[in-house]
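Q: next input, structure requested:
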Amino acid sequence: MADFTKRQWLTLIVIGIADFCNAICVSLQAPFYPQEAEKKGCTATEYGFVFGVFELVVFIISPIYGQHLNRIGAKVTFNAGIYTTGICAILFGLLDRIHGHTPFIVLSFTIRIIEALGNAAFLTASFAIIAKEFPNNVAITFASLETCFGFGLIVGPTVGGALFQLGGYTLPFAVMGSALFASAVLTAFVLPKYEEGVDRETPQSMTTVLKIPGVLLATCSIIVTSMSIGFLQATLEPHLRQFLLSPMILGVMFVINGGTYALTSTVFGWLCDSFMHPKYVTMLGCLFVAAGFCLIGPAPFIPYETTLWMTIVGLVLHGLGMGSQLVASFSDALRTSIANGLPNNIETYGLVSGLWTSTFALGAFIGPSISGILYDSVGFRQASMFIVGVHLIVALMVAVFMVIQRSKPNYVELKDEKLVPSMDDSTTRGKSMPANITDSVKSLRSIVNGISIEQSRPPAMNSLIACNSYKSKAWPTRDLGSLTLGPYSRSYGTVDARERNENATSYLQGVA
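A: Residues are numbered from 1 along each chain as shown. Below you'll find the predicted structure:
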């Protein structure tokens, strides 16, 4: 990060401020809205759907934003999303002035749906901008933004509670919504503008990305992680009632995992960028979450009753698992997509960003729904084994995938004819190129993650030159555009045998 340019620092700062303010607005609704809704005669089922519809809309609309982000423009999508979210937050604070059950619940649904449209646009565009602006540090910059979001989730209920005591229901939403709107004005002036409609080759869809096995595993990791978060949101408070905690201590229990996530996500981002393959970090995160839920219950096979200290340790482990899985999954999905042939441009960044946002919302929608049913049926200790099980399954799938990947060759060259003669063969110097080389088209294939690519080329063009040609759509290391694949990756379509390059070049020069 010490090598960031002024433009990169400004981009990171303004998006971080927007993330922080957005998290504060999001965290205000859960503590204050249910009580107001009950005053208007709403049931828990009704205002529960008000929260659930938000995640459902984000799940549906995020892939659409991602697919068309290049055409709309990343900055336009980002700013429009923040403006919409800020205005909706202010309007949500005016619901206490609505009289009557039906108008209140209808306006609640309407505002939340529009807010979800804005929030999905803001998140999808912000992740794509990060990938564009920080090609060598995708994971750590993404983690930095998630840290800002995590601190917003912690600060929101605290500041909101103070404002609620001062001015009632409206004041927290009015102040925090205005702060988010002000951050949108700031980003409009500071955020760089990106060209629209450029670098579009063959239009890609979300299914194109999901057909890549490595990306599909990353999305599975996102879904199960957000499911674990939603599971605790719905069931942790009833599980902790046995300890008769004060409201303040109960609130602290709810920020332990989020605070741990905020403090450690940058560490996992640094590991993904510098030392470890993101899929190894994903496996580590799955084990953290599984171990955490085994302690929070505790698991039925642990012969101890529920204790407060075990619950706290379990929440810390859950926070560590959240940080490692969410950060690694975005970085892994983006790099794997590009390594498998998707164009290295804002269109691909938008697709992956939309995929991340959408699948996280899907898990956040499924988690509370399943947790409520399981909690009522078998209790917290047995119900928590569902989260343990799905995380262990994902960890096993990733481990098997990595074993299969390691067994595949990085590069295979299939030759129909003889290789170009060696530079030491003096009989070839000063003579014309043999006909079997000038007239034939040899096959040169680069295999990355199990996908074979064969590029066409003009007759008499050497295979080695064709492979390293930019127009052949192969990506040598020196020509890799904005996003580098990291020290663990395989460059797409490259040949590292320098001696063979030198031999072939010398031969061509001798013939000339």
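
Q: then stretch 128-136 to CSV, C-alphas only?
A: In CSV, the C-alpha atoms belonging to stretch 128-136 read as follows (Å, rounded to 0.1, in the frame of the first residue of the first chain):
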residue,chain,number,x,y,z
ALA,A,128,-15.5,-3.6,-9.8
ILE,A,129,-13.8,-0.2,-9.2
ILE,A,130,-11.5,-1.8,-6.6
ALA,A,131,-10.5,-4.5,-9.1
LYS,A,132,-9.8,-1.9,-11.8
GLU,A,133,-7.9,0.5,-9.6
PHE,A,134,-5.9,-1.9,-7.5
PRO,A,135,-4.9,-4.8,-9.9
ASN,A,136,-2.0,-6.0,-7.8
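
Q: next one: it to chain centre, how far?
A: Offset of stretch 128-136 from its chain centre (CA atoms, centre = their mean, to the nearest Å): 13 Å.

Q: list the buried ones in that stretch?
A: Ala128, Ile129, Ile130, Ala131, Lys132, Glu133, Phe134, Pro135 (16 or more other CB atoms under 10 Å). To be clear about C-beta, it is placed using only N, CA and C from the backbone, and glycine gets the same treatment.

Q: same check, this time on stretch 74-94
A: Residues 74-93 are the ones in stretch 74-94 that count as buried (16+ other CB under 10 Å).

Q: show me these that map onto helices.
A: Among those, the members falling in helices (DSSP state H) are 74-92.

Q: the residue nearest the centre of the chain: what's it in contact with?
A: In the chain, the residue lying closest to the centroid (CA atoms, centre = their mean) is Phe330, at 3.2 Å. If you count contacts by CB atoms under 8 Å, 6 or more residues apart in numbering, Phe330 has them with Phe127, Val138, Ala139, Phe142, Ala218, Val352, Ser353, Trp356.

Q: which of these sits closest to Cys272?
A: Comparing these against Cys272 with CB to CB places Ala139 closest, at 3.7 Å.

Q: which regions of the stretch 51-200 of the chain lie under the pLDDT threshold?
A: 194-200 (pLDDT under 70).

Q: would TSV of the contacts of Phe330 with secondary structure be doable?
A: Converted to TSV, the contacts of Phe330 look like this (DSSP: H, G, I helix; E, B strand; the rest coil):
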residue	secondary structure
Phe127	helix
Val138	helix
Ala139	helix
Phe142	helix
Ala218	helix
Val352	helix
Ser353	helix
Trp356	helix
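
Q: pull the number of nearby residues for Leu28.
A: 25 (other CB atoms under 10 Å).

Q: ok, Phe51 next?
A: By the measure other CB under 10 Å, the count of residues near Phe51 is 18.

Q: and for Thr102?
A: For Thr102, the tally of surrounding residues (other CB under 10 Å) stands at 11.

Q: pretty sure it sits in a strand.
A: No - Thr102 is assigned helix when assessed by three-state DSSP, not a strand.

Q: ok, it to Pro34 distance?
A: Separation of Thr102 from Pro34 (CB to CB, to the nearest Å) stands at 18 Å.

Q: for the stretch 301-450 of the chain, what spans make up the helices?
A: 308-339, 346-378, 380-406, 435-438 (DSSP state H, counting those that start in this stretch).

Q: can I get these in a markdown table with distance to Tyr261 and mean pLDDT?
A: Converted to a markdown table, the helices of the stretch 301-450 of the chain look like this (distance: least, CB to CB, whole Å; pLDDT from 0 to 100):
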| stretch | distance to Tyr261 | mean pLDDT |
| --- | --- | --- |
| helix 308-339 | 4 | 88 |
| helix 346-378 | 13 | 81 |
| helix 380-406 | 16 | 91 |
| helix 435-438 | 59 | 41 |
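
Q: deepest of those, which one?
A: Of all the helices of the stretch 301-450 of the chain, helix 308-339 carries the top mean neighbour count, a mean of 25, counting by mean count of other CB atoms under 10 Å.

Q: so what's the gap between it and the chain middle?
A: 11 Å.

Q: all further residue positions should be reported with the first residue as 778.
A: Taking 778 as the first residue, the last one we looked at is helix 1085-1116.

Q: picking that back up, quick one: which of the helices of the stretch 1078-1227 of the chain is nearest Gly937?
A: Once these are compared by CB to CB, helix 1123-1155 is nearest, at 20.7 Å.

Q: and that closest one with helix 1085-1116, angle?
A: Per axes from the mean of the first three to the mean of the last three CA atoms, to 10 degrees, the angle that helix 1123-1155 makes with helix 1085-1116 is 150 degrees.

Q: follow-up on the earlier one: if I look at the residue nearest to the centre of the chain, how far off is Asn1117?
A: For Phe1107 relative to Asn1117 (CB to CB), the value is 16 Å.

Q: ok, Gly991 next?
A: According to CB to CB, Gly991 and Asn1117 sit 8 Å apart.

Q: repeat for Ala1105
A: Counting by CB to CB, the gap from Ala1105 to Asn1117 is 18 Å.

Q: now Ser1108
A: Per CB to CB, Ser1108 is found 15 Å from Asn1117.

Q: with Gln1159 instead?
A: For Gln1159, the distance to Asn1117 equals 40 Å [CB to CB].

Q: repeat for Met983
A: Applying CB to CB, the value for Met983 to Asn1117 is 15 Å.

Q: for the two, indicate the residue with more neighbours.
A: A direct count of neighbours by other CB under 10 Å for Met983 and Asn1117 places Asn1117 higher, at 20 against 17.

Q: these two touch, right, the more buried one and Lys988?
A: No - assessed by CB atoms under 8 Å, Asn1117 is found out of contact with Lys988, at 9.0 Å.

Q: residues making contact with stretch 878-898?
A: With CB under 8 Å, 6+ apart, stretch 878-898 has contacts from 799, 803, 810, 814, 817-819, 823-824, 826-828, 830-835, 838-839, 842, 854-855, 857-862, 865-866, 868-869, 872, 875, 1134-1135, 1138.

Q: ok, stretch 939-952 next?
A: The contact list for stretch 939-952 (CB under 8 Å, 6+ apart) reads 802, 805, 809, 813, 866-867, 869-874, 936-937.

Q: name the residues of it that are buried.
A: Residues of stretch 939-952 classed as buried under the neighbour-count rule (16+ other CB under 10 Å) are Leu940, Phe941, Tyr946, Thr947, Leu948, Pro949, Phe950, Ala951, Val952.

Q: before we move on, what about stretch 818-838?
A: 819, 823-836, 838.

Q: check which element follows the helix or strand where Phe941 lies along the chain.
A: Using DSSP states H and E, Phe941 maps to helix 915-944. Using DSSP H and E, the helix or strand that follows helix 915-944 in sequence is helix 947-967.
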